[in-house]
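Colleague: I would like the atomic coordinates for the input below:
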Amino acid sequence: MKYLKLILLCVFIYSCSDPTSIDADREKHIIDDPSQHPAKFLINPTTIDLGMILLGSQSNDLIFNIKNITESNLTINSIKLKNYPILASIQFDSPFTLSPFGSNQDNKQLAISISPDKYGYFIDTLLVDNYKNPITIVKANIPALIADDIYFEDTKISEFQLNSFKFRNISDKVAIITEFELIDNNNVFLNEPAVKLPIIINPKSESGNIKITFNPNNIEDYSAYIQIKANFDGADYPYMSTIKISGKGVN
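Modeller: Sure thing, here's the model as predicted:
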């Protein structure tokens, strides 16, 4: 009986010992998380903003730079958009190698453009091989309400020329133009008859003709613009807020 009590006492003492001493003897498993690895290169700019792109067209090329920040050669095999790779054109020779940081060839300039396939706010990230860092954002605005810029033919001084344009709503929501202002420092362009607000444009439809008159008073090139504010019924879409106007006065 005395021996039995001794055995039970030893078991109790062991069970009440510091639990961390048990963990110290266990095998530890470390998860290799690529997202936590330090970056091997930098991309400038960190946000590549392609601006406004009309649906059905391709953006202008935007130049960005990739720079090796390690002490070894760094070979890049692939650069693409993570979610929409087929929409982007990225110009570079593949693969290419960047020399160690501080050398003449430690960086390279590249060009990117996109051809959006729908209107709205475009956003994606740049995927360089399978590196998780750094994170580079690529974004653009594809307007759902658009209009063509207005170009007048050469017009003789003191003569009038008439032109017109329409707003096109390519979205699936009603577009409402709440503000319309013709900004012309030379007072040679005129909106007549004046636009009546609000301008309501049904989905996938056009506004009526908006007329602009050009009456130059000197032999020179003229420019102005129309500034609008708009919203969409129940949706948030980008829109073309500025329409450029240009014309030339001649003898």
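
Colleague: my read: Val195 touches Lys211, true?
Modeller: No. With contacts counted by CB atoms under 8 Å, Val195 stays clear of Lys211, the gap being 9.3 Å. To be clear about C-beta, it is placed using only N, CA and C from the backbone, and glycine gets the same treatment.

Colleague: and the two? Which one has more around it.
Modeller: Comparing Val195 with Lys211 by neighbour count (other CB atoms under 10 Å), the higher total belongs to Val195, at 19 against 15.

Colleague: could you look up the SS state of that one?
Modeller: Recorded secondary structure, Val195: coil (DSSP: H, G, I helix; E, B strand; the rest coil).

Colleague: state the distance from it to Phe214.
Modeller: When distances are taken as CB to CB, to the nearest Å, Val195 and Phe214 turn out to be 17 Å apart.

Colleague: what does Gln91 give?
Modeller: With CB to CB as the criterion, Gln91 and Phe214 are 40 Å apart.

Colleague: the two - which one has more neighbours?
Modeller: Phe214 (24 against 12).

Colleague: residues contacting that one?
Modeller: Phe214 makes contact with Phe152, Thr155, Phe160, Gln161, Leu162, Asn163, Val188, Phe189, Tyr222, Gly247 under the criterion CB atoms under 8 Å, 6 or more residues apart in numbering.

Colleague: just the buried ones from those residues?
Modeller: The neighbour-count test (16 or more other CB atoms under 10 Å) applied to the contacts of Phe214 identifies Phe152, Thr155, Asn163, Val188, Phe189, Tyr222, Gly247 as buried.

Colleague: state the pLDDT value of the residue nearest the centre of the chain.
Modeller: The central residue of the chain, meaning the one whose C-alpha is nearest the mean C-alpha position (CA atoms, centre = their mean), is Lys139 at 1.4 Å. Reading off the per-residue confidence, Lys139 sits at a pLDDT of 98.

Colleague: and what of Leu9?
Modeller: The per-residue confidence score, pLDDT, reads 47 for Leu9.

Colleague: Ile53 too?
Modeller: Reading off the confidence values, Ile53 has pLDDT 98.

Colleague: any figure for the gap between it and Pro238?
Modeller: Distance check for Ile53 against Pro238: by CB to CB, it reads 10 Å.

Colleague: neighbour count winner among those two?
Modeller: Between Ile53 and Pro238, Ile53 has the larger neighbour count (other CB under 10 Å), namely 21 against 18.

Colleague: contacts only, for the more buried one.
Modeller: When the contact criterion is CB under 8 Å, 6+ apart, the partners of Ile53 are Ser59, Ile114, Pro116, Phe122, Ala140, Asn141, Ile142.
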